[in-house]
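Student: whatever this is, show me its structure:
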Amino acid sequence: MAHQDDLDNHADQCNPNNDEYWNSRGEEKPDDSEQHEDIDDE
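Tutor: Residues are numbered from 1 along each chain as shown. Below is the predicted model:
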């Protein structure tokens, strides 16, 4: 059975709202303003 730390780490890496998601992919988390740019155009 997995330890809670392992489960938490896995959940973090699967959650695009978490910095670890981006770190595990070698990328930086985009700024919120960049993610929602297209909403302002509507």
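Student: and the gap between the closest residue to Asn9 other than its chain neighbours and Glu27?
Tutor: Spatial nearest neighbour of Asn9, chain neighbours left out: Glu20 (7.2 Å); criterion: C-beta to C-beta, 6 or more residues apart in numbering. For glycine as for every other residue, the C-beta is placed from the backbone atoms N, C-alpha and C. Distance from Glu20 to Glu27, counting by C-beta to C-beta, to the nearest Å: 11 Å.
Student: equivalent analysis for His3, please.
Tutor: 27 Å.
Student: in contact with the residue nearest the centre of the chain, which residues?
Tutor: In the chain, the centroid-proximal residue (C-alpha atoms, centre = their mean) is Pro16; its distance is 2.5 Å. Listed by C-beta atoms under 8 Å, 6 or more residues apart in numbering, the contact set of Pro16 reads Trp22.
Student: pLDDT on stretch 29-36, on average?
Tutor: The predicted model gives stretch 29-36 an average pLDDT of 68.
Student: wait, stretch 6-18
Tutor: Rounded mean pLDDT across stretch 6-18 is 94.
Student: so what's His10 closest to, chain neighbours aside?
Tutor: Closest to His10 by C-beta to C-beta, 6+ apart is Ala2, at 7.9 Å.
Student: now the element after the lengthiest helix in the chain, going C-ward?
Tutor: Counting by DSSP state H, the longest helix found in the chain is helix 4-13. Per DSSP states H and E, the first helix or strand lying C-terminal to helix 4-13 is helix 19-23.
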